[in-house]
Structure formats: structure tokens, C-alpha cells
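K.L.:
I would like the atomic coordinates for the input below:
(one chain, ligands or ions: 2)
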Amino acid sequence: MTMKVAVLGARGRMGSTACRAVEAAPDLELAAGLDVGDDLAALVGADVAVDFTRPDAAVGNARACVERGVSVVIGTSGITAERQAELEGVLEGATGASVLVVPNFSIGAVLLTRFAATAARFYESVEIVEMHHPQKIDAPSGTARRTAQLVAAARREAGLGPLPDATTDDPDGARGARVDGIPVHAVRLRGMVASEEVLLGAPGEALTLRHDSFDRESFMPGVLLALRRVRERPGLTVGLEAYLDLG
Ligand SMILES: NC(=O)C1=CN([C@@H]2O[C@H](COP(=O)(O)OP(=O)(O)OC[C@H]3O[C@@H](n4cnc5c(N)ncnc54)[C@H](OP(=O)(O)O)[C@@H]3O)[C@@H](O)[C@H]2O)C=CC1
Ligand SMILES: O=C(O)C1=N[C@H](C(=O)O)C[C@H](O)C1
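P.N.:
Ligands and ions are numbered 1, 2, ... in the order given. The predicted model follows:
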């Protein structure tokens, strides 16, 4: 039997690519492709949904899904701690429902985040540069936020102190944003899809980790994996790594 999938943001860059990937998968069926102005009643009958809309719409969409018994994968970025808490609220009393937040569906990007967290404890300095197409509305990217959070956690666990940084004069914010104390720099450049670099420095050496998505196809194996497996973990899960055997 096929799994019925609803796609929210179906006319967008990611949503339209996801619709095609679902239609091409023999075990999945595109039950609904919804965008702005469409009636969410069309969610009824779907088994799972994936959201590629905008940060201020994702939590409301997740609520609409859960209320209709549909487990949901949130690919939309900008899921801050506050929005994550709202998602916990959405799940209260909804026995068996699953919400999976995926900052990045590309396996390479998931690995980059993992490698950065592994390397973090060995380096005094670390900075993140994320590069995206200029249509992206949020900064820093969800992937960079997640990477910074996991790198910061690894540094705390290793007992590392604050990053060495003598800057006291930065009137234009040239040192970037700080996410959990980690500097994050956002580039918006025509021609880019999505890239991330993590730069780690220690006396006499540097390690640079980089991942590039050249095409939105790079996200599709992860999207299909998430849709197929989201219902295995009731409640709120963050990160595709929960479904990957990364050791
Ligand atoms: N997790 C991952 O691996 C990836 C995540 N993303 C994220 O996915 C999201 C979408 O990106 P992208 O496809 O490039 O953006 P687009 O702007 O191309 O697509 C978003 C679509 O959602 C529609 N939309 C807006 N609000 C709603 C709503 N309330 N209900 C239904 N549809 C709505 C938009 O309509 P309108 O244009 O009329 O507003 C648009 O058609 C972003 O947050 C992005 O960061 C992107 C790539 C990979
Ligand atoms: O908006 C995008 O394009 C992307 N958004 C996600 C993010 O914010 O990290 C994932 C990927 O970087 C592409």
C-alpha cells in the first residue's frame, strides 16, 4: 500500500521539487499539494506531510496537520527555540503524532554538522560561513544554527572557554552574528543554492569543512527518507540524523 503525502508550499522551489520526487517514488502517493490560500481540509486522508513554506507559517501548519492526524516533517528553516517550544505544545495530548524538524535534508550537510561537532573540541577557534541564494528570507540558515548549537555543546562538554577574539571595535558587525557564542556569517549570492563552511583553527593549523548543494535534488533522498520514517518516532524529533546510523 502506498503512503499518502501532502506537500505544503507546493508551488515553491523546494515544495515543487518535493512534489516531483514523491510522484516518482513507487511507495508514495501525492495526496495534496497545498500553497498559500489553499484549504487545509485537503490534508484529511494524508498519512504524512512535509512543510516547505516560511518560518512564520510552519508551526501553524504543523498544528493543522497534527489536528487532522497527519504526522509532519518540517523542512522550513527559522525554527527557533521559541517555535520549537510551540511545536511541543502542538503535540500535547496528540497521542502517537510525530513532528520531525529537519534543518537540512542533504546527507552531506548532516555529515558536515556531525564532523564539525566531532572536531570542535580539538580547536580553540571556530567560525561558520553559510552561503545561499538571495531569495532566502531567513538568516542565519537553519543548518548554520544547528551546526553552531552542536559545536557549542561539544565545546562546553570539552571544557573549552570562550573563543579567542580580541575584537572590541566592530561598529558594522563585521564579526557576524553569534549563535550559542559561535560566530556565524551569512552570504547571499546570486548563483548559490546552499553551502556551508566550518573553519576551525588552532596554533599553526586550520581545518576547513565544506558542503555544497548545487541543486535542490540534493535534498530529495533525505526528504523521502523523512517521509517514509517520520511515524517511527512519536513526539518531536530534530535532525535527520535520528534516522541515520552515524555511529
Ligand atoms: N531543510 C532543508 O533541507 C531545506 C529547507 N529549505 C527551507 O524551506 C523553506 C522554503 O524554501 P523555498 O522553497 O526556497 O521557498 P519558496 O519561497 O520558493 O517557497 C515557499 C512556498 O510556500 C508558500 N507559502 C508561504 N506561506 C504559506 C502557507 N502559510 N501555507 C502554504 N504555503 C505557503 C509560498 O507562497 P508565496 O510565495 O505566495 O509566499 C511559496 O510558494 C525555507 O524555509 C527554506 O529555508 C530549503 C531548502 C532545503
Ligand atoms: O533556504 C534554503 O535554500 C535552505 N534552507 C535551509 C537552511 O536554512 O539551512 C537548508 C539549506 O541550507 C537550504
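
K.L.:
going forward, measure contacts between C-alpha atoms and count neighbours the same way
P.N.:
OK.

K.L.:
residue numbers of this structure in contact with ligand 1?
P.N.:
Contact residues (C-alpha under 6 Å from any ligand atom) of the chain with ligand 1: 8-9, 11-15, 34-36, 52-55, 57, 75-77, 102-105, 219.

K.L.:
just the residues you listed that are near ligand 2?
P.N.:
Among the residues of the chain next to ligand 1, the ones lying near ligand 2 by C-alpha under 6 Å from any ligand atom are 77, 103-104.

K.L.:
quick check: mean pLDDT across the helix or strand where Thr17 lies?
P.N.:
Element membership for Thr17 (DSSP states H and E) is helix 13-24. Average pLDDT, helix 13-24: 98.

K.L.:
list the buried residues of it.
P.N.:
Residues 14-19, 21-22 are the ones in helix 13-24 that count as buried (16 or more other C-alpha atoms under 10 Å).

K.L.:
what about Gly45, distance to Val70?
P.N.:
8 Å (C-alpha to C-alpha, to the nearest Å).

K.L.:
nope, Ser125 is what I was after
P.N.:
Ser125 is 43 Å from Val70, by C-alpha to C-alpha.

K.L.:
same thing with Phe214?
P.N.:
Relative to Val70, Phe214 is positioned 32 Å away (C-alpha to C-alpha).

K.L.:
near ligand 2, which residues of the chain are found?
P.N.:
77, 103-104, 136, 141-143, 194.

K.L.:
just put those in TSV and tack on secondary structure and pLDDT.
P.N.:
Shown next, in TSV, are the residues of the chain next to ligand 2 (DSSP: H, G, I helix; E, B strand; the rest coil; pLDDT from 0 to 100):
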residue	secondary structure	pLDDT
Ser77	coil	97
Pro103	coil	98
Asn104	coil	98
Lys136	coil	98
Ser141	coil	98
Gly142	helix	97
Thr143	helix	98
Ala194	strand	98
